[in-house]
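[1] need a structure here:
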Amino acid sequence: MVLRRAGTAAVAAAVVTIGFAGLVAVGTFAAGGAPQGDRNNLALSSGTVPAVYQPLIQKWGTLCPEISPPMLAAQLYQESGFDPTAKSPAKAYGMAQFLEATWATYGVDANSDGKRDIWDPADAIASAATYDCALAKDVSTVPGDRQANMLAAYNAGPYAVIKAGGVPSYRETQGYVRNIQSLARSFTAPVANTAIAASQQAAGAIYFAQTKIGIPYEWGGEGLPSQAGRFDCSGLTQAAFKSVGITLPRVANDQWYAGEHPSRDQLRPGDLVFFANDLSDPRSIHHVGIYVGGGYMIDAPHTGAVTRYDTIDQKGYFGATRVTGDGAGALPVRGTDGTISGGRGPATS
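    Residues are numbered from 1 along each chain as shown. A predicted model of the protein is given here:
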């Protein structure tokens, strides 16, 4: 929610699969941010933003040097999950979750229809970028990372950033800055000819999933004793990564954002693979499995089936995510009522 608390706070993957039962040897994750001057040149990774909004985010994400299209996408995802009808209990509205008072100052009629509409995605996306850039200007004389200072001002207010001479020591504010910059990597298109680092937790996640082969599927299953240890698709992947110290969201289309997105020819064992009804919209993701190599995954497919090996060559293949602790830790938390709150804070893995 915008200004809701002003004043407060390649590795070479030596991957060996032996008859689907072998373990996987992988390298260590390392992530780096783009230099400040290169941020506007960052493109959105395919499939991370609903296609209807991608041109708007790519355009407005270059409004000032302190923002980027992936960073703007990360903010919008955290605020609303790209839902233009989102409402919060704090009376923040629309995709960018503006308070009405803040909208009155920073709302933009981006589509020139004569109305600054808080519910219109075109206006909301443009206004989010406009507000970010106004905050960046407010703290432009503060030393340090200009994007980090802008994000801190978004969370805690410009005065707090100016007074602290950078990102304030508030735990919430430091977590917000870290989470948005980490989440932005999930939205950033990989640089050509640059490998995505392998995940050191992949082998353990696969091992966990292999121990569940043959267990019947249960919708909503999380492997609880009351469910006779049964899983659904995202319950299985959530439990597999929990076994190696990474907390994933409960549903598949949220797990999609837990790391960077390797292309089909870059798949490594341990990557999550996703399937969707609409290949232009990540919100339509409905199924997930854990890739084990050779074109196969372990998944809990549907009612009447068991956890098993399946080919990934199925209708609706959407893409893959290389899960990291930082990526998963940056994701917002979705409540049972569909509302979204901030990321989980620092990764513990």
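
[2] now the helices: where do they sit in the stretch 1-150 of the chain?
    54-60, 69-80, 100-106, 121-138, 146-156 (DSSP state H, counting those that start in this stretch).

[3] looking at those helices, which is closest to residue 235?
    helix 69-80 (22.4 Å; CB to CB). For every residue, glycine as well, the C-beta is placed using N, CA and C.

[4] now residue 270, what's its secondary structure?
    With DSSP: H, G, I helix; E, B strand; the rest coil as the basis, the three-state label of residue 270 is coil.

[5] so what's the backbone phi/psi at the closest residue to it other than its chain neighbours?
    Sequence neighbours aside, residue 202 is the residue nearest to residue 270 in space, at 2.3 Å (criterion: CB to CB, 6 or more residues apart in numbering). Backbone torsions for residue 202, taken as degrees, to the nearest 10, come to phi -60, psi -40.

[6] tally of neighbours for residue 202?
    29 (other CB atoms under 10 Å).

[7] verify the stated contact: it with residue 269.
    Yes: the pair residue 202 and residue 269 passes the contact test of CB atoms under 8 Å, sitting 5.8 Å apart.

[8] quick one: residue 283 from residue 159, how far?
    Distance, residue 283 to residue 159, by CB to CB, to the nearest Å: 37 Å.

[9] cool, and residue 180?
    20 Å.

[10] who's more crowded, the two?
    The residue with more neighbours, out of residue 180 and residue 159, is residue 180; 24 against 14, by other CB under 10 Å.

[11] what strand or helix carries that one?
    helix 171-186 (DSSP states H and E).

[12] that helix - what's its average pLDDT?
    For helix 171-186, mean pLDDT is 95.

[13] which residues touch residue 126?
    Residues in contact with residue 126, defined by CB atoms under 8 Å, 6 or more residues apart in numbering, are 56, 60, 108, 110.

[14] now for the third one, how many residues are close by?
    Pointing back at residue 108 there. With other CB under 10 Å as criterion, residue 108 counts 18.

[15] same deal with residue 274?
    27.

[16] same question for residue 309.
    Neighbours of residue 309 (other CB under 10 Å): 15.

[17] what lies in contact with the helix or strand containing it?
    Using DSSP H and E, residue 309 sits in strand 308-311. By CB under 8 Å, 6+ apart, the residues outside strand 308-311 that reach it are 20, 213-214, 289, 292, 295-299, 301.

[18] next: stretch 182-195.
    Contacts of stretch 182-195 (CB under 8 Å, 6+ apart): 10, 31, 33-34, 42-46, 48-49, 68-71, 73-74, 77-78, 196, 257-263, 266, 321, 326-327, 329-331, 343.

[19] buried subset of those residues?
    34, 42-46, 48-49, 68-71, 73-74, 77-78, 196, 257-262, 266, 321, 326-327, 329-331, 343 (16 or more other CB atoms under 10 Å).

[20] could I get the full set of strands for the chain?
    92-93, 98-99, 259-260, 272-276, 285-293, 296-299, 308-311, 317-323, 332-334, 340-343 (DSSP state E).

[21] can you redo the helices of the stretch 1-150 of the chain as CSV with distance to residue 227?
    Converted to CSV, those look like this (distance: least, CB to CB, whole Å):
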stretch, distance to residue 227
helix 54-60, 39
helix 69-80, 30
helix 100-106, 44
helix 121-138, 39
helix 146-156, 39
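
[22] can you redo those as a markdown table with distance to residue 91 and mean pLDDT?
    Below are the helices of the stretch 1-150 of the chain laid out as a markdown table (distance: least, CB to CB, whole Å; pLDDT from 0 to 100):
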| stretch | distance to residue 91 | mean pLDDT |
| --- | --- | --- |
| helix 54-60 | 24 | 96 |
| helix 69-80 | 14 | 96 |
| helix 100-106 | 7 | 96 |
| helix 121-138 | 16 | 98 |
| helix 146-156 | 18 | 96 |
